[in-house]
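Novice: Kindly return the folded structure for what I paste below:
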Amino acid sequence: MGRLTKSQIVTIVYGIIIDILDYFGLTVPFLGDIFDIIAVMLITKFFGSYAWLSAGIQSIECLPALDVFPFTIIAVLIAMFKARKQSQQVRRLKKI
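Specialist: Numbers count the residues shown, from 1 in each chain. Next up, the predicted model:
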C-alpha cells in the first residue's frame with residue numbers, strides 16, 4: 001500500500017473531528033444528526049461516486065443512541081480504500 005494523499009489525511013481528520021463532535025452532541029437533542037449530515041456531505045465531496053456505501057453506513061448514525069459508535073471513521077476508511085483500489089486498477093490497465 002502506498003502513502004496517503006493530503007486529501008485522504010484531511011478527510012480522516014474531518015472524520016475524527018465529526019465523530020468527536022457527534023459523540024458530545026448526544027447531550028443536545030438533534031445536534032448529533034446535524035454532524036451526521038455534514039459528514040455525509042464531506043464524504044461525498046471528497047470521494048464522489050465511491051461514497052455511496054460510506055454514506056449508507058454514515059446514515060445509520062441518524063438512529064437514536066448510535067452516535068457513540070465511530071461510524072464516520074468507518075465510512076471514511078471504506079470510501080478511501082474503495083477509491084484507492086479503483087485507482088490501482090486504473091493504473092494497472094494503463095500499463096497494459
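Novice: Let me see the contact set for the most centrally placed residue in the chain.
Specialist: Closest to where the C-alpha atoms of the chain average out (CA atoms, centre = their mean) is residue 76, at 2.5 Å. Neighbouring residues of residue 76 by CB atoms under 8 Å, 6 or more residues apart in numbering: 11-12, 14-15, 43, 54. C-beta coordinates here come from the backbone N, C-alpha and C atoms, glycine included.
Novice: ok, now with 7 Å
Specialist: Residue 76 makes contact with 11-12, 15, 43, 54, according to CB atoms under 7 Å, 6 or more residues apart in numbering.
Novice: Look up how far residue 84 lies from it.
Specialist: Remark: distance between residue 76 and residue 84 (CB to CB, to the nearest Å) = 12 Å.
Novice: Then residue 42?
Specialist: Residue 42 is 18 Å from residue 84, where distance means CB to CB.
Novice: Serialize the contacts of residue 76 to TSV and add fields for neighbour count, pLDDT and distance to residue 88.
Specialist: Shown next, in TSV, are these (neighbours: other CB atoms under 10 Å; pLDDT from 0 to 100; distance: CB to CB, whole Å):
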residue	neighbour count	pLDDT	distance to residue 88
11	22	78	18
12	16	82	19
15	26	80	22
43	27	74	20
54	28	71	18
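Novice: related to what we said a few turns ago, show me which of residue 42 and residue 84 is the more surrounded one.
Specialist: residue 42 (20 against 16; other CB atoms under 10 Å).
Novice: Surely the more buried one is in contact with residue 13?
Specialist: No: using CB atoms under 7 Å, residue 42 is not in contact with residue 13, being 10.8 Å away.
Novice: what about residue 10, which SS state?
Specialist: Recorded secondary structure, residue 10: helix (DSSP: H, G, I helix; E, B strand; the rest coil).
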